[in-house]
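> Provided below are the primary sequence and the corresponding predicted coordinates.
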Amino acid sequence: MDGGVLPQPGIGRVRVGGELPGEEFGGSVRDVHDTTVAGAVLLDIKVKPLGEVRKRSGVKCKVTEWHERTGTLVPAEVPESAWPAVEQLMTDFFQRRQFARGAVDVRTQVNGVLHLLRTGCLWDELPERYGPWALAKDRQNTWFKKGFWPVLVSHLNAAGGGTPVEHEARAPLLQITRGSRRSR
């Protein structure tokens, strides 16, 4: 099979599983009618996505991969009362302030990253209450690259209440129905 299509002598190409190379899947119904090769019926189906079809970059988040690989739970949000201990942990780890204070505090951004990992939302869908998503993403990536993310998560998980990392399914739910047979 080449790129999701089967070559058919005298017929051309038949769609298998959705798309021909170079086509964009826009969420519409695709009809795939039966095609006969040496007397065998190959396909006679309709495929329709259920719900919104969202496009991802195809690059998996390193932090999500780490949580999945290690089985490390995603901690609950950090309450204000627990934040001084987290700030001390950061100071001990980095030996200096990691990020300047700005319009959005670091605790809010940490909670945004934890929300993203618990819900599987896309970065640009991070609720506004967590501040700019690009800033939260930058902080998460920096902490992970420098080895602080596992330290932070371990500290936060000591309080309990963690949940498995959540990620969106790689493909949307699909409704697959048998199409009507064409007469030949």
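Arrived safely.

> lowest-confidence helix or strand of this structure?
strand 12-15 (a mean of 36; mean pLDDT, DSSP states H and E).

> which stretches in the chain count as strands?
5-8, 12-15, 30-32, 36-37, 40-41, 45-49, 174-178 (DSSP state E).

> lowest average pLDDT across the ones you listed?
Mean pLDDT per stretch puts strand 12-15 lowest among those, at a mean of 36.

> report the separation between the closest residue in space to Gly120 that isn't next to it in sequence and Lys137.
Computed as CB to CB, 6 or more residues apart in numbering, the closest residue to Gly120 that is not its neighbour in sequence is Glu166, at 4.0 Å. Any C-beta I mention is one placed from the backbone N, CA and C, and that applies to glycine too. To Lys137, Glu166 is 17 Å away according to CB to CB, to the nearest Å.

> more neighbours: these two, which one.
Lys137 (19 against 14; other CB atoms under 10 Å).

> quick one: contacts for the more buried one?
Val113, Trp123 (CB atoms under 8 Å, 6 or more residues apart in numbering).

> so where is this protein shaky, pLDDT-wise?
Along the chain, segments meeting pLDDT under 70 span 1-43, 53-58, 96-103, 167-172, 179-184.

> got a list of what the residue nearest to Gly120 touches?
Counted by CB under 8 Å, 6+ apart, Glu166 has contacts Val74, Leu117, Arg118, Thr119, Gly120.

> repeat that for Thr119.
For Thr119, the contacting residues are Glu166, by CB under 8 Å, 6+ apart.

> what do you get for the one 5 residues further on?
The contact partners of Asp124, taken as CB under 8 Å, 6+ apart, are Trp133.

> and for the residue nearest to Glu87 when sequence neighbours are not counted, the neighbour number?
Closest residue to Glu87 apart from its sequence neighbours, by CB to CB, 6+ apart: Val106 at 7.9 Å. For Val106, the neighbour count with other CB under 10 Å is 22.

> and for Leu122?
Residues near Leu122, counting by other CB under 10 Å: 14.

> separation between it and Thr64?
Distance from Leu122 to Thr64, by CB to CB: 12 Å.
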